[in-house]
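Student: let me see the structure of the following:
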Amino acid sequence: MTKSSRKPLPRPPRDLASRAYAVEGWSDPDLAFDNLGAQTKEQIVHLLPQDWDWDGKRVLDFGSGAGRTLRHFAGETEVAEFWGVDTHEPSVEWMRKNLAPINAWHTTENPPLGLEHGSFDLIYTVSVFSHLTDNSIPWLLELHRMLKPGGLLIISYMGRWISEYFAGEPWVEDRVGMNTLYHGRDWDLGGPAVLISDWWVREHWGRAFEVVDIDPQFMNFSWAVLKKKKGHYSNDDISRLSDDPREIVALRHHVVQLRREVELEIARRNEMLEAQASEYENRLAEYEGSTSWKATRPLRSLVDRRR
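Tutor: A predicted model of the protein is given here:
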């Protein structure tokens with residue numbers, strides 16, 4: 001089937017399409033959704049080895065949503081097996097009904113995923129590890145488990161370009177490791193935002209994977225291409241600090257960032273409470289100035305004297 005004769009790709013309803021990326025602000029939300037998925041697919045293909053062949057491959061989109069990127073691999077499904085995994089059950093159900101022969105799998109927020117060990121040639125994950133905090137390394141190791149020997153993992157993360165926006169400060173590579181901001185904010189509102197430097201990727205993720213390539217900017221994200229190393233790894237294997245002095249520098253700066261976040265949150269809450277107090281004061285003044293309040297003043301005075 002030629003590209004021109006291929007049927008239009010099924011498009012999820014707007015509420016599912018906007019979960020991971022708000023499209024309502026665009027003049028044509030459907031076109032924005034389609035273009036973003038198509039461009040992300042192009043980036044993934046660009047990052048693959050030049051001799052990559054889809055024939056017989058098993059591919060997993062980890063954090064697929066309703067298939068924003070995955071649906072653009074419709075042509076490749078003729079020769080390869082594709083899976084989409086997400087925590088959002090309505091998105092998974094929509095994929096099951098509309099994206100066959102792509103397989104859709106529902107998971108919880110923490111591993112294990114429940115899929116076969118060593119069964120995928122390629123796993124890609126877009127704008128997922130930019131929001132994972134305590135379960136980031138457990139999920140990294142779960143994806144490692146599911147890859148075949150030498151399998152590839154492509155991850156997007158908040159590196160230099162988008163981190164300047166979220167952190168509100170100039171990017172300095174040596175003072176960022178894996179620094180988390182916007183604690184307690186829901187992920188689809190931009191939080192938590194996990195800022196990761198390239199050196200940290202090479203030092204920590206590089207313990208379980210060979211870091212094949214890092215693309216520093218596509219759609220404001222950094223992208224890492226990782227190749228599975230042999231062996232089994234624990235959380236501590238990945239998270240323990242190295243002798244690199246940047247580890248301590250990054251931790252110290254993370255403390256500074258967190259204290260600034262606390263101050264901003266206190267100021268935000270105080271502003272909210274002040275606004276609420278002013279609202280009630282205005283309502284009280286409006287009521288006390290009303291005709292009904294003035295007309296009942298003698299009655300209230302009589303009641304007060306009897307008390």
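Student: what residue ranges in this structure are flagged as low confidence?
Tutor: In the predicted model of the chain, residues 1-7, 20-26, 187-190, 300, 302-307 satisfy pLDDT under 70.
Student: just the helices in it please.
Tutor: In the chain, the helices defined using DSSP state H lie at 14-17, 29-47, 89-98, 136-146, 160-167, 198-203, 235-239, 246-288, 291-295, 297-306.
Student: I'd like to know which elements the longest one is packed against.
Tutor: Spelled out, that is helix 246-288. strand 178-181 (3 or more CB pairs under 8 Å, 6 or more residues apart in numbering; DSSP states H and E). In short, each C-beta sits where N, CA and C put it, glycine included.
Student: next: the second one.
Tutor: For helix 29-47, the elements it packs on are helix 14-17, strand 209-218, strand 221-228, judged by 3+ CB pairs under 8 Å, 6+ apart.
Student: just give me how far the last one sits from the chain centre.
Tutor: For strand 221-228, the distance from its own C-alpha centre to the chain's C-alpha centre is 15 Å (CA atoms, centre = their mean, to the nearest Å).
Student: could the helices and strands packed on helix 29-47 be laid out in JSON lines, adding mean neighbour count?
Tutor: Shown next, in JSON lines, are those (neighbours: other CB atoms under 10 Å):
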{"stretch": "helix 14-17", "mean neighbour count": "17"}
{"stretch": "strand 209-218", "mean neighbour count": "16"}
{"stretch": "strand 221-228", "mean neighbour count": "22"}
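Student: with adjacent residues omitted, what lies nearest to residue 170?
Tutor: Nearest residue to residue 170 in three dimensions, chain neighbours excluded: residue 164, at 6.5 Å (CB to CB, 6 or more residues apart in numbering).
Student: my guess is residue 194 contacts residue 131. True?
Tutor: Yes - Residue 194 lies in contact with residue 131 (CB atoms under 8 Å); the separation is 6.3 Å.
Student: quick one: end-to-end length of stretch 69-89, please.
Tutor: In stretch 69-89, first residue to last residue: 17 Å (CA to CA, to the nearest Å).
Student: residues of that stretch that come out buried?
Tutor: Buried residues in stretch 69-89, counted by 16 or more other CB atoms under 10 Å: 69-74, 76-77, 80-86, 88.
Student: out of these, flag the one nearest to residue 19.
Tutor: residue 88 (6.4 Å; CB to CB).
Student: what separates the nearest residue in space to the closest one that is not next to it in sequence from residue 224, distance-wise?
Tutor: Nearest in space to residue 88, with sequence neighbours left out and distances taken as CB to CB, 6+ apart, is residue 19 at 6.4 Å. Going from residue 19 to residue 224 by CB to CB, to the nearest Å gives 24 Å.
Student: also residue 15?
Tutor: Distance from residue 15 to residue 224, by CB to CB: 31 Å.
Student: just checking, residue 39 touches residue 126?
Tutor: No - in this structure, residue 39 is not within contact of residue 126 by CB under 8 Å, at 10.9 Å.
Student: who has more neighbours, the two?
Tutor: residue 126 (28 against 14; other CB atoms under 10 Å).
Student: do I have it right that the more buried one meets residue 156?
Tutor: Yes - using CB under 8 Å, residue 126 makes contact with residue 156 at a distance of 5.0 Å.
Student: any buried residues in stretch 127-134, and which?
Tutor: Neighbour-count burial for stretch 127-134 [16+ other CB under 10 Å]: 127, 128, 129, 130, 131, 132.
Student: can you flag which of those belong to strands?
Tutor: For these, not one is inside strands, with DSSP state E as the criterion.
Student: need the contact list for residue 63.
Tutor: Contacts for residue 63 were tallied using CB atoms under 8 Å, 6 or more residues apart in numbering; they are 85, 86, 125, 126, 127, 128.
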